[in-house]
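In: Sequence and predicted structure below; questions after.
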Amino acid sequence: MIRLALKMLFGDTGKYLMLVAGLFFATFLMAQQAAVFCGLIRWTTATLKNVPAPIWVVEGRVEQVNETNPMLDTDVTRVRSVDSVAWAQPVYVGMQRVRLPNGNFKVIQLVGIDSTTFAGAPVKLREGNIEAIRQPHSVIIDDLGIKRLAIERGKPVKVGDVFEINDQEARVVGIAEAMTSFTGGPYVWTTYNRALQYAPSQRKMLSAVIAAPKPGITPEEAAADIQRTTGLKAFVNRDFSFDAGADKAEFNTSTIWWYVRNTGIPISFGITVIVGFIVGTAISSQTFYTFVMEHMKHLGALKAMGASNFKLCQMLICQALTVGLIGYGLGIGATAMFGKGALANEEPPFYMPEIVPFAVLGVILCICMLSALIGIWRVSRLEPAMVFRG
Amino acid sequence: MKTDTAPHLKGPDPQHQLAVHVQGVDKSFGDGNARLKVLKDITLDVRAGEITMLVGPSGCGKTTLISIMAGTLAVDAGQVTVFGQNLTTMRKSAITRFRAQNIGFIFQQFHLIPTLTCVENASVPLLIQGASASKAEKKAREMLELVGLGDRAKHRPTQLSGGQQQRVAIARALVHDPRLVICDEPTAALDAKNGTIVMDLFEKIARIPGRAVVVVTHDNRIFSHADRIAQMDDGRIVEVHDVDRDAPPVISH
């Protein structure tokens, strides 16, 4: 009977394509928008990925990494004095303007790191080496920067090129791989002291202190120790987790929840995902209902010939799940292709955690079951004697 | 008390020469002022080994009566016994299983599934019974050979004439060796030649021991194929008589 159901489905080409198209569209809209949302939200924590350290210590009222309050330079020493801390180094992070040789201005994310230990240096350099930033006016830019800071399209920035940060020369000595920042500006690393020279002078310039625990001590224990001893806020730097919650001392999670709570980003993306769900449900339910209604006389004949309601329900569920899985497969495939393009171009943001395809699959299966239920409701009320009435 | 057992009645059963026994059946449709009584105290016997025809004007209740005999419609009053099984005391699920095993249907509008081939259409009753597709199609192919459509097995119904579609419907009705075949206007869409071919087939089926064929028809060309004719009017059986098969038809419209 399942084979029969599939033949009935595939034989009605128009309805079949319509159902698949509806579910494809719903899958693509939900998965793609969810992945763009996740990508955008992930970009908010780019600084934590690009300036790696187990512990970030910031001023006591800071909630997220892109909005730090300046601290005193002496806070570095205070953190170092905590028993459980192995090392602690200053970091400057701030948005600055770059003036290109052709006179154009671009915004960058300037990062100043300790020139002795290079704590907070980029994880992977594609060109150059980190020691080169000790040379005068030297900076390392990320691979987004080689395009964004180019004078013209198709002529990417190379090692040795020069631009100005606040009227001071900056010479590219390396290119790093990095996550794109939320603001879209490329990351530029230099030494902490030179970053303070590039940035407009303020009474307090220290953005954060990055630190690591002593061997045998977890980052959480060290962070708690730092908070207790210094009164500063110490976050551990791990990947986002729903378990960590918004109030836990994990900087990625805290940052992401801050954006979720304080911006309209989740609402706008959420609305699009809901629209995808509604459109998918409307198209597939309506089309499946029409499909069932058009086959009602055949279903009635099957019922008269002795097919039980259970068997007919199995057939309808099989048909609904088949179009659902085909539509889902095509939709996820299209999303993956979109993602491949987005990742190659580094925009728009795209990140698909495992939960997204599984959640979308769940929603699509719900849509299919809802569509099938409408058909089942009709078929279960179908009087087999109707086939004699024509 | 309703019974939930699905009786297995395959094979000849000489104890039940009566294929269908309808006793005092009433059936109404609608509610309140719109309630219409379409069957009024119907009593009728259908004997095994015969073709019984139900004839009468449109709206007289013929289709309702065969729906009740087939167990696709419940009665308001009275009893219906098919090969010794009282359908009025069986649960719906048991009647459904009983239908699947013991009754073959030929509908006026064929109700062949257009996306299936002839052999697939003809195999449907066996698939409903849970047979494997290969076994069902093998038997369906044999039935198509029997109705003279062996070479059209892979065609779709839309590629066939009305008469050929009717023969596919007959193959489907017979594929699971039903004891009772119920036909609703089987020759309405056929010319005289095809009508005769179809009725000859029904005669062959009816002569198999322990089988019976009930035909609802307006077509007086086929009355000569009947063993008994039940004349209906206004929800009642007004006359039942055996047919002298050598004599010309006695009833005409």
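Out: Cool, the structure landed.

In: make it CA atoms for all contacts and neighbour counts henceforth
Out: Fine.

In: Show me which residues of the stretch 151-300 of chain A are close to chain B?
Out: Within the stretch 151-300 of chain A, the residues that sit near chain B (C-alpha under 8 Å from any C-alpha of the partner chain) are A:K297, A:H298.

In: Show me where the stretch 151-300 of chain A has its strands.
Out: Assigned by DSSP state E, counting those that start in this stretch, the strands in the stretch 151-300 of chain A fall at A:162-165, A:168-177, A:187-191, A:208-213, A:233-236.

In: What strands line up against the third one, and which way round?
Out: To tie it back to what came earlier, the one meant is strand A:187-191. strand A:105-113 (parallel), strand A:138-142 (antiparallel) (DSSP bridges).

In: for the second one, same thing?
Out: Each strand that pairs with strand A:168-177, with its direction, by DSSP bridges: strand A:124-127 (antiparallel), strand A:138-142 (parallel), strand A:162-165 (antiparallel).

In: about what we covered before: with distance to B:L126 as added columns, please give the strands of the stretch 151-300 of chain A in JSON lines.
Out: Below are the strands of the stretch 151-300 of chain A laid out as JSON lines (distance: least, C-alpha to C-alpha, whole Å):
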{"stretch": "strand A:162-165", "distance to B:L126": "81"}
{"stretch": "strand A:168-177", "distance to B:L126": "65"}
{"stretch": "strand A:187-191", "distance to B:L126": "71"}
{"stretch": "strand A:208-213", "distance to B:L126": "73"}
{"stretch": "strand A:233-236", "distance to B:L126": "67"}
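
In: Indicate which one of those strands is closest to A:I332.
Out: Closest to A:I332 of the strands of the stretch 151-300 of chain A is strand A:168-177 (C-alpha to C-alpha; 27.8 Å).

In: Tell me where the model's unsure across chain A.
Out: Within chain A, the segments meeting pLDDT under 70 span A:241-248, A:389-390.

In: again, only this time at 80
Out: A:1, A:153-154, A:239-249, A:276, A:280, A:284, A:345-347, A:384-390 (pLDDT under 80).

In: The strands paired with strand A:168-177: which one's closest to A:Q202?
Out: Using C-alpha to C-alpha, the nearest of the strands paired with strand A:168-177 to A:Q202 is strand A:162-165, at 16.5 Å.

In: what packs against the longest helix anywhere in chain B?
Out: The helix that spans the most residues within chain B, counting by DSSP state H, is helix B:192-207. Judged by 3 or more C-alpha pairs under 8 Å, 6 or more residues apart in numbering or on different chains; DSSP states H and E, helix B:192-207 is in contact with strand B:51-55, strand B:212-216.

In: burial count for the nearest residue to A:P213 once chain neighbours are set aside?
Out: Spatially, and ignoring its direct neighbours in sequence, A:P213 is nearest to A:V85 (4.5 Å; C-alpha to C-alpha, 6 or more residues apart in numbering or on different chains). As a burial measure, A:V85 scores 22 neighbours (other C-alpha atoms under 10 Å in any protein chain shown).

In: quick one: A:V85 and A:T77 touch, right?
Out: No: checked against C-alpha atoms under 8 Å, the pair A:V85 and A:T77 is beyond contact range at 11.1 Å.

In: Spatially nearest residue to A:A86 (excluding sequence neighbours)?
Out: That would be A:K214: by C-alpha to C-alpha, 6+ apart, it lies 4.4 Å from A:A86.

In: Show me which residues of chain B are close to chain A?
Out: B:63, B:67, B:72-73, B:93, B:96-101, B:103-105, B:107-109, B:111-113, B:115-116, B:124-125, B:127-128, B:184.

In: where does the stretch 1-150 of chain B have low pLDDT?
Out: Looking at the stretch 1-150 of chain B by pLDDT under 80, you get B:1-17, B:32-34.

In: which residue does it bring closest to chain A?
Out: B:A100 (4.0 Å; C-alpha to the nearest C-alpha).

In: Enumerate every residue touching the nearest residue to that residue once chain neighbours are set aside.
Out: Of all residues not flanking B:A100 in the chain, A:G306 sits nearest, at 4.0 Å (C-alpha to C-alpha, 6+ apart). A:G306 sits next to B:T96, B:R97, B:F98, B:R99, B:A100, B:Q101, B:P125, B:I128 when contact means C-alpha atoms under 8 Å, 6 or more residues apart in numbering or on different chains.

In: how about JSON lines for those residues, with neighbour count added?
Out: Below are those laid out as JSON lines (neighbours: other C-alpha atoms under 10 Å in any protein chain shown):
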{"residue": "B:T96", "neighbour count": "23"}
{"residue": "B:R97", "neighbour count": "22"}
{"residue": "B:F98", "neighbour count": "24"}
{"residue": "B:R99", "neighbour count": "24"}
{"residue": "B:A100", "neighbour count": "25"}
{"residue": "B:Q101", "neighbour count": "25"}
{"residue": "B:P125", "neighbour count": "29"}
{"residue": "B:I128", "neighbour count": "22"}
